[in-house]
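Colleague: What follows is a predicted structure for the sequence shown.
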Amino acid sequence: MQDARRGMIDSIIIEEDMNLTNQEQTRASDIYGRLTFTGDVMLKRLPPEVFMTLEQTIHAGQPLDPAIANTVAGAMREWAVEHGCTHYCHWFQPLTGTTAEKHDAFLSPTGDGNAIEKFSGAELIEGEPDASSFPSGGIRDTYEARGYTAWDATSPAFILQTKDGVSTLCIPTAFVSWTGEALDKKTPLLRSNQVVVEQAMRLLRFFGNETGVKQITTTLGCEQEYFLVDKWQVEERLDLSICGRTLVGAPAPKGHQLDDHYFGAIPERVLAFMSSVEHRLFELGIPVKTRHNEVAPGQFEIAPTFESTNVAADHQMILMHVLREEASKHNFVCLMHEKPFAGVNGSGKHNNWSLSTDTGVNLLDPRQETHSNFQFLAFLCSVMRAIDLHSDLLRATIAGAGNDHRLGANEAPPAIMSIYLGEMLTDILDQLESGKTSSTKRGGTMDLGATTLPQLPRHSSDRNRTSPFAFTGNKFEFRAVGSSQSVAWPNTVLNTIIAESIDWMVRELEKKAGKNPTAAKRDAAARAVLKSVVKNHRRVCFDGDGYSQEWVEEAARRGLPNLHSTADALPTLKTKKALDLFKKYGVLSNRELKARYEILIEQYNTVLMIEANTLLSILRTEVLPAAIQAQAQVAEAVSATHSVGAECTGTEESLKAVINGINELQSSIKDVDTARGKTYASPEKELKGRRNDLVPAMERARMASDQLEQIIPRDLWTLPTYAEMLLLR
């Protein structure tokens, strides 16, 4: 009974393994999920009927029964207090891109001079934080301050502990305004999950495969890339401290040209950090699985196993919090900017998305006879159609000042949204387009030529790291998501556009098959509809080199949008097509979507202004004084040499180089200052103006600074260099 009732997250990571001793299994269970109110914790502390009712909400999508709230709140409080908690908070994700929390004490005065610890069901279900200082995109004025947080029972409550031993019960919640409009990233994500699941169930019913399936879940696994830099070095650099990226910095003598850092031996100090991160994440029920060196020096990755999308999105935010906290304990700073260092590999957050039933079937698993698996092919073609029709929307979900520096570079997919399917599925698309499917290509096995080595099963398709949206066996990997970004927004859009395509697919299939169709009629309808989809939307599929100029030109011939920057991508969110789509499926009202557009524009403009102000400060107070000192030193050497009648042509050339560099730097400083001071008639005009004027001016100033850095003596250069930050451990 206990194993049967164990929560979904517990079962993902702690499965019975015949190779583990009972002692090892017990030790893992004692650590994993110790600080989450889920699974065995709920089973032990809640009455059976309350537990089962709550489980129906968590795992079967049933409405939350308010009648159980007091019982759950009491058990949650007792458990939290036992772990040292004195306060609780409704933990939510406002439109800032971070998380928010307001702590309330369990202790309440009784009115007779005493106090009691209490936490009611009403306090669990609903909170009332001030909404006036969070971004609302015009939904609420500053004086309209009331907001509400609503308990999300599908995401487990957890306890966050600080290094000083302060523990707080955190309850994941949605965050809405007094009008009920979403002011957060969780609410639309939950709506979109519900929509795509409903449409997926309709497709199962058409093919007659819904028997025993009570729930379909969108699943997600997010690979998080990050850099570690010594804390003292970050403290010496205003740009890293404020902006999370270097605004100036000459290349190190060695980057990742030799490809020796990727999957290399993890430095001991970094491994100690990773181990402490994993321990905390296991305690919080976050099933991390993989750790390794990434491509660039100083860059690393951590990856979890799959969870339901909503829980995975929450866990992703907690994971970033833990990475930052644990880095500080190890005298590191964890950088999750998309491009903290120019010229080396940037950081992404690969978003692995799929659909699964509660009977254990992955709906994106091709199975053996893929060519005859029309249900899988219908899901596949629904995704293909969605990406083709709404590639601009998908691009807009990962737009931001940070990702503009990364997309299209050597380590990241281009801003052109395309799908990689691989050899086997591409061949099946050919068959579908011809109107007849007859075979599935096999990968076979590989003989490695040594009898002591095993024969390896060979996948039917390769992997393509240059594709922004790649099919990787039984899931789609959206590689373009930025390292610092919340995955909630990209997956909200992904769910919605795929729901629309599945909806369209089912309606077309039902129209072709007629009422009460036989299996033969269903297959015939599927062939006809899938042939049409492949013919009309295959243009979005590309298996070649997504980094090449040839693909950029080919994509233009195919009519695929190439939205180079955030300024190009964000206006997609205010188009009639986007507004109608989200309104139709109840994911975002027109006002809610327009609000997000306004907020994203404001964030982009604000980030660029903060970076410009920081850059000017560094150039004026650190780079320019160092350059002037260098000029004085070289000029003195030239003067001293001339005073004894000797020639010093080389030194004079060095002096000219410094003087020219200073002149260029001072000119570029003026350019940045002028571009920064421009005013615009609207935020939209500022969006494009900053991109067209301020960004190039900052790049010019950076180039001037970096050229000076390479000729100024190290004892005069006050900023930690790329070599020191990336190569020295």
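Modeller: Yep, that arrived.
Colleague: Could I get the full set of helices for the stretch 1-150 of the chain?
Modeller: The residue ranges that make up the helices of the stretch 1-150 of the chain, judged by DSSP state H, counting those that start in this stretch, are 2-5, 8-13, 22-31, 40-45, 48-60, 69-82, 121-125.
Colleague: Let me see the mean pLDDT of the shortest one.
Modeller: Mean pLDDT, taken over the full extent of helix 2-5, equals 37.
Colleague: What of the fifth one?
Modeller: Mean pLDDT, computed over helix 48-60, is 90.
Colleague: What separation do you get for K515 and K521?
Modeller: 10 Å (CB to CB, to the nearest Å). C-betas here are computed from N, CA, C, even on glycine.
Colleague: tally of neighbours for K535?
Modeller: Summarising burial for K535: neighbours were counted as other CB atoms under 10 Å, giving 12.
Colleague: residues contacting the closest residue in space to it that isn't next to it in sequence?
Modeller: If the residues on either side of it in the chain are set aside, K535 comes closest to E433, at 5.9 Å by CB to CB, 6 or more residues apart in numbering. Contacts for E433 (CB atoms under 8 Å, 6 or more residues apart in numbering) come out as K531, V534, K535, R538.
Colleague: What is the distance between the helix or strand containing E433 and the centre of its chain?
Modeller: With secondary structure defined by DSSP states H and E, E433 is part of helix 422-434. Taking CA atoms, centre = their mean, to the nearest Å, the mean C-alpha location of helix 422-434 is offset from the chain mean by 31 Å.
Colleague: cool, and stretch 466-484?
Modeller: Its chain's C-alpha centre lies 11 Å from the corresponding centre of stretch 466-484 when counted by CA atoms, centre = their mean.
Colleague: confidence score at the closest residue to E128 other than its chain neighbours?
Modeller: In this structure, E128 finds its nearest non-sequential neighbour in Y148, 6.0 Å apart by CB to CB, 6+ apart. pLDDT recorded at Y148 is 94.
Colleague: got a list of what Y148 touches?
Modeller: E126, G127, E128, F175, V176, S177, W178.
Colleague: Any chance of the contacts of E433 in CSV with secondary structure, distance to S589 and pLDDT as columns?
Modeller: As requested, the contacts of E433 are exported to CSV (DSSP: H, G, I helix; E, B strand; the rest coil; distance: CB to CB, whole Å; pLDDT from 0 to 100):
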residue, secondary structure, distance to S589, pLDDT
K531, helix, 37, 96
V534, helix, 34, 96
K535, helix, 35, 96
R538, helix, 34, 97
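Colleague: Pull out the buried residues from these.
Modeller: A residue is treated as buried here by neighbour count (16 or more other CB atoms under 10 Å); on that basis the buried members of the contacts of E433 are K531, V534, R538.
Colleague: doesn't R385 make contact with the last one?
Modeller: Going back to what we said before, that points to R538. No. Under the criterion of CB atoms under 8 Å, R538 lies out of contact with R385, with a separation of 9.8 Å.
Colleague: From the contact counts, what lies against the one helix or strand K512 maps to?
Modeller: Here K512, judged by DSSP H and E, is contained in helix 488-513. Using 3 or more CB pairs under 8 Å, 6 or more residues apart in numbering; DSSP states H and E as the contact test, the elements touching helix 488-513 are helix 186-206, strand 216-230, helix 309-329, strand 349-357, helix 374-389, helix 391-397, helix 519-537, helix 576-584.
Colleague: Count the neighbours of the residue nearest to R558 when sequence neighbours are not counted for me.
Modeller: By the measure of CB to CB, 6+ apart, the closest residue to R558 outside its immediate chain neighbours is R539, 4.4 Å from it. Other residues within reach of R539 by the criterion other CB under 10 Å amount to 16.
Colleague: What of Q455?
Modeller: Counted with other CB under 10 Å, the neighbours of Q455 add up to 10.
Colleague: And for it, nearest residue in space, chain neighbours not counted?
Modeller: Of all residues beyond its chain neighbours, the one nearest Q455 is T445 (4.7 Å), with distances taken as CB to CB, 6+ apart.
Colleague: Could you list which residues are in contact with that neighbour?
Modeller: By CB under 8 Å, 6+ apart, the contact set of T445 is Q455, L456, P457, R458.
Colleague: closest to A296 among those residues?
Modeller: Distance ranking of the contacts of T445 against A296, using CB to CB, places L456 first at 29.5 Å.
Colleague: circling back to that earlier point, relative to the whole chain's centre, how far out is the helix holding K512?
Modeller: Relative to where its chain is centred, helix 488-513 has its mean C-alpha point 23 Å off (CA atoms, centre = their mean).
Colleague: what angle sits between that helix and helix 186-206?
Modeller: 20 degrees (axes from the mean of the first three to the mean of the last three CA atoms, to 10 degrees).
Colleague: relative orientation of helix 488-513 and strand 216-230 in degrees?
Modeller: What separates the directions of helix 488-513 and strand 216-230 is an angle of 150 degrees, with the same axes, to 10 degrees.
Colleague: and helix 488-513 with helix 309-329, angle?
Modeller: With the same axes, to 10 degrees applied, the angle from helix 488-513 to helix 309-329 works out at 160 degrees.
Colleague: Name the residues of helix 488-513 that are buried.
Modeller: In terms of neighbour count (16+ other CB under 10 Å), helix 488-513 has its buried residues at 488-506, 508-510, 512-513.
Colleague: E686: which of the helices and strands packed on helix 488-513 is closest?
Modeller: When the helices and strands packed on helix 488-513 are ranked by proximity to E686, the top entry is helix 391-397, at 17.7 Å, counting by CB to CB.
Colleague: Remind me what the next helix or strand after the closest one packs against, helices and strands.
Modeller: Sequence-wise, the next helix or strand downstream of helix 391-397 (DSSP H and E) is helix 401-404. Using 3+ CB pairs under 8 Å, 6+ apart, the elements in contact with helix 401-404 are helix 566-569, helix 590-618.
Colleague: Of all those helices, which one is nearest I216?
Modeller: Closest to I216 of the helices and strands packed on helix 401-404 is helix 590-618 (CB to CB; 25.1 Å).
Colleague: Report the angle between the closest one and helix 186-206.
Modeller: In terms of direction (the same axes, to 10 degrees), helix 590-618 departs from helix 186-206 by 130 degrees.
Colleague: for helix 590-618, which positions count as buried?
Modeller: Within helix 590-618, the residues scored as buried using 16+ other CB under 10 Å are 592-601, 603-605, 607-608, 611-612, 614-616, 618.
Colleague: Check which residues of the host helix or strand of I628 are buried.
Modeller: Under the assignment given by DSSP H and E, the secondary-structure element containing I628 is helix 624-643. Taking 16+ other CB under 10 Å as the basis for neighbour counts, the residues of helix 624-643 that come out buried are L624, A626, A627, Q629, A630, Q631, V634.
Colleague: ok, residues contacting that helix?
Modeller: The contact list for helix 624-643, computed with CB under 8 Å, 6+ apart, reads 647-648, 651-652, 654-655, 658-659, 661-662, 665-666, 669, 708, 711-713, 716-718.
Colleague: Could you check how far stretch 325-334 is from the centre of its chain?
Modeller: 21 Å.
Colleague: shaky segments in the stretch 51-200 of the chain?
Modeller: For the stretch 51-200 of the chain, applying pLDDT under 70 flags the ranges 113, 115.
Colleague: same check, this time on the stretch 351-500 of the chain
Modeller: In the prediction, the stretch 351-500 of the chain carries residues with pLDDT under 70 at positions 408-412, 460-461.
Colleague: coming back round to it: the very next helix or strand once past the helix holding I628 vs helix 624-643, what angle?
Modeller: Counting by DSSP H and E, the next helix or strand C-terminal to helix 624-643 is helix 649-677. Following the same axes, to 10 degrees, one obtains 160 degrees for the angle between helix 649-677 and helix 624-643.
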